[in-house]
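> I'll drop the sequence and a predicted model, then ask my questions.
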Protein chains: 2
Amino acid sequence: MSDAVKILEVKASILEDNDADADVLRDALKKKGTFYVNVMSSPGSGKTSTLLKVIDQLKDKAEIGVMEADIDSDVDARTMQEHDIPSVQLHTGGMCHLDADMSRQGLRLLEEVNACDFVFLENVGNLVCPAEFDTGAHKNLVILSVPEGDDKPLKYPLMFEKADLVVINKMDALPAFDFDLERVTAYIHRRHEGIPVFAVSARTGQGIDALSQYLFEEYRAFKEGK
Amino acid sequence: MSDAVKILEVKASILEDNDADADVLRDALKKKGTFYVNVMSSPGSGKTSTLLKVIDQLKDKAEIGVMEADIDSDVDARTMQEHDIPSVQLHTGGMCHLDADMSRQGLRLLEEVNACDFVFLENVGNLVCPAEFDTGAHKNLVILSVPEGDDKPLKYPLMFEKADLVVINKMDALPAFDFDLERVTAYIHRRHEGIPVFAVSARTGQGIDALSQYLFEEYRAFKEGK
């Protein structure tokens, strides 16, 4: 891996039907055996720090890579690189989301860095727009952090409808905030019934084992074609 | 004031030139003597709780009203109403921002509730899209909370460029997070030189006096036509 972060200025998709394109990408990745997970959250919910902890547990079991999407800056990709995790930075040029074709552009660049079979996309920090665009990912992982409040599934319904699993981060900060884990779980399940909810702290490591194990099982099932 | 929250499903603007329309609205409000402040932040940064504290200090000095914009739900407008603050709820129907014409629709409804001369808009929780649409407000107030991290002005440049003042909220949580007030202030000033930055805690009340005083001075200068 080289030291400089590879940065891609992604181009807005010219395709009208992103949903169809996302299915094409998803199928192509399936055939190739690349498991693709789209991570979404508000700004500052801890996407990068949670991924660092999870990848630390998974890195010997899969070829992991990360695409860091951002309006600007390359701080997250640099962080990944400092931890020897193959990563690229995708600049959206002001756009608040990524779509399937933008994913495809990023995956192509990531392949130049490393041949990965488990790719995380750290989407733009935003609880609204990213939920509206299918990235072609096999799983959507949504992170909500304790300081944001447990009412967020009420206010950002689509994000939680699209989620395949939800991670509640910053559990170590629970004593300082009025946040109820049971209540937020009920609100999440009102949007998407029965999806798993993991309570973690990327800071202390609490709950990271269970989350990593779950993601590994999903990856293994994917590889076995289930 | 009636007990039921007035909810408006705002319509997407049909005007092509939102910037021009925003200037028209801003001027009309100026002539009418209505000071309009657009409050933007990530989800869960504490827009509602900060406004509650500030309004508590300003309510005897101005006729204050609040427009709560949300994709869905009416929790924030209900909270305002429980505190006897004239408010309306604007539903954006999935849209991630408000523009000038949507502001105008909301202001019209708020007028049915109360004749206000100091109106806060609580924009959709989002650090990306709301910055792209001029609401016609006289001031843009951006709230960033300590748990989100001090790197946010690097990642969401436009939001901080558009800000006329920035409030750093949840200062009481500072010991639990790696957040540097001097650093964030420097990052903010890289985006918009010299704008005021207020460090507050809506929970403990820290810093609310200075922020309220500043907003009142802005309101007074506005009313005096400065």
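Received the coordinates, thanks. Residues are numbered from 1 along each chain as shown, chains lettered A, B, ... in the order given.
> Can you give the distance from the least confident helix or strand in chain A by mean pLDDT to the centre of its chain?
Of all helical and strand segments in chain A, the minimum by mean pLDDT, DSSP states H and E falls on strand A:6-9, at a mean of 87. Distance of strand A:6-9 from the chain centroid (CA atoms, centre = their mean, to the nearest Å) equals 18 Å.
> That one pairs with which strands?
strand A:87-91 (parallel) (DSSP bridges).
> pLDDT (mean, whole number) over the strand it pairs with?
When pLDDT is averaged over strand A:87-91, the result is 94.
> Provide the contact partners of that strand at residue level.
A:5-10, A:65-72, A:74, A:76-77, A:80-81, A:98, A:102, A:105-106, A:109-110, A:113 (CB atoms under 8 Å, 6 or more residues apart in numbering or on different chains). Where you see a C-beta, it was placed from the backbone N, CA and C, and this is true even at glycine.
> Mark which of those residues are buried, thanks.
Buried subset of the contacts of strand A:87-91 (neighbour count, 16 or more other CB atoms under 10 Å in any protein chain shown): A:5-6, A:8, A:10, A:65-71, A:74, A:76-77, A:80-81, A:98, A:102, A:105-106, A:109-110, A:113.
> Just the ones of the residues you listed in helices?
A:76-77, A:80-81, A:102, A:105-106, A:109-110, A:113 (DSSP state H).
> Now render these as JSON lines, adding pLDDT.
Output for those, formatted as JSON lines (pLDDT from 0 to 100):
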{"residue": "A:Asp76", "pLDDT": "90"}
{"residue": "A:Ala77", "pLDDT": "90"}
{"residue": "A:Met80", "pLDDT": "94"}
{"residue": "A:Gln81", "pLDDT": "92"}
{"residue": "A:Met102", "pLDDT": "93"}
{"residue": "A:Gln105", "pLDDT": "94"}
{"residue": "A:Gly106", "pLDDT": "96"}
{"residue": "A:Leu109", "pLDDT": "95"}
{"residue": "A:Leu110", "pLDDT": "96"}
{"residue": "A:Val113", "pLDDT": "93"}
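> Could you pull up the residues touching A:Gly125?
A:41-45, A:47, B:42, B:127, B:155-156.
> Tell me, what's the model's pLDDT at it?
At A:Gly125, pLDDT is 91.
> That one should be in a strand, yeah?
No: counting by DSSP: H, G, I helix; E, B strand; the rest coil, A:Gly125 falls outside a strand, being coil.
> for it, phi and psi?
Main-chain dihedrals, A:Gly125, degrees, to the nearest 10: phi -70, psi 110.
> again with A:Lys32
phi -80, psi -20.
> follow-up on the earlier one: please identify which of the ones in helices among the buried ones among the contacts of strand A:87-91 is nearest to chain B.
Proximity of these to chain B (CB to the nearest CB) peaks at A:Asp76, which lies at 8.4 Å.
> Verify the contact between the closest one and A:Glu82 for me.
No: with contact defined as CB atoms under 8 Å, A:Asp76 does not reach A:Glu82; the gap is 10.7 Å.
> on that earlier part again, may I ask which of the contacts of A:Gly125 has the most neighbours?
Per-residue neighbour counts (other CB atoms under 10 Å in any protein chain shown) across those peak at A:Ser45, which has 32 neighbours.
> quick one: it and A:Asn169 touch, right?
Yes: counting by CB under 8 Å, A:Ser45 touches A:Asn169, with 5.9 Å between them.
> which residues are common contacts for the two?
A:143-145.
> and the residues you listed as TSV, adding distance to chain B?
Below are these laid out as TSV (distance: CB to the nearest CB, whole Å):
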residue	distance to chain B
A:Ile143	12
A:Leu144	8
A:Ser145	7
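> Is it possible to get JSON lines of these that adds neighbour count and distance to A:Gly136?
JSON lines is the format used below for the shared contacts of A:Ser45 and A:Asn169 (neighbours: other CB atoms under 10 Å in any protein chain shown; distance: CB to CB, whole Å):
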{"residue": "A:Ile143", "neighbour count": "27", "distance to A:Gly136": "20"}
{"residue": "A:Leu144", "neighbour count": "32", "distance to A:Gly136": "23"}
{"residue": "A:Ser145", "neighbour count": "28", "distance to A:Gly136": "26"}
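> can you tell me which of those are in strands?
Counted as lying in strands by DSSP state E, out of the shared contacts of A:Ser45 and A:Asn169, are A:143-145.
> gap between A:Leu154 and B:Ser42?
16 Å (CB to CB, to the nearest Å).
> Which strands and helices lie in contact with the helix or strand harbouring A:Leu121?
Using DSSP states H and E, A:Leu121 sits in strand A:118-122. Using 3 or more CB pairs under 8 Å, 6 or more residues apart in numbering or on different chains; DSSP states H and E as the contact test, the elements touching strand A:118-122 are strand A:35-41, helix A:47-58, strand A:64-70, helix A:100-113.
> in its sheet, what does it sit against?
strand A:35-41 (parallel), strand A:64-70 (parallel).
> Can you add distance to B:Phe179 and give the ones you listed back as JSON lines?
Below are the strands paired with strand A:118-122 laid out as JSON lines (distance: least, CB to CB, whole Å):
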{"stretch": "strand A:35-41", "distance to B:Phe179": "18"}
{"stretch": "strand A:64-70", "distance to B:Phe179": "19"}
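> ok, A:Met95 - contacts?
A:10, A:12, A:71, A:124.
> low-scoring stretches of chain A, by residue?
A:1-3, A:14, A:226 (pLDDT under 70).
> how about a cut-off of 50?
Flagging of chain A using pLDDT under 50 yields the residue ranges A:1-2.
> Residue numbers of it in contact with chain B?
Contacts of chain A with chain B, taken as CB under 8 Å from any CB of the partner chain, map to A:42-45, A:70-73, A:75, A:94, A:96, A:124-129, A:132, A:145, A:147-149, A:151-152, A:154-158, A:170, A:172-173, A:176-177.
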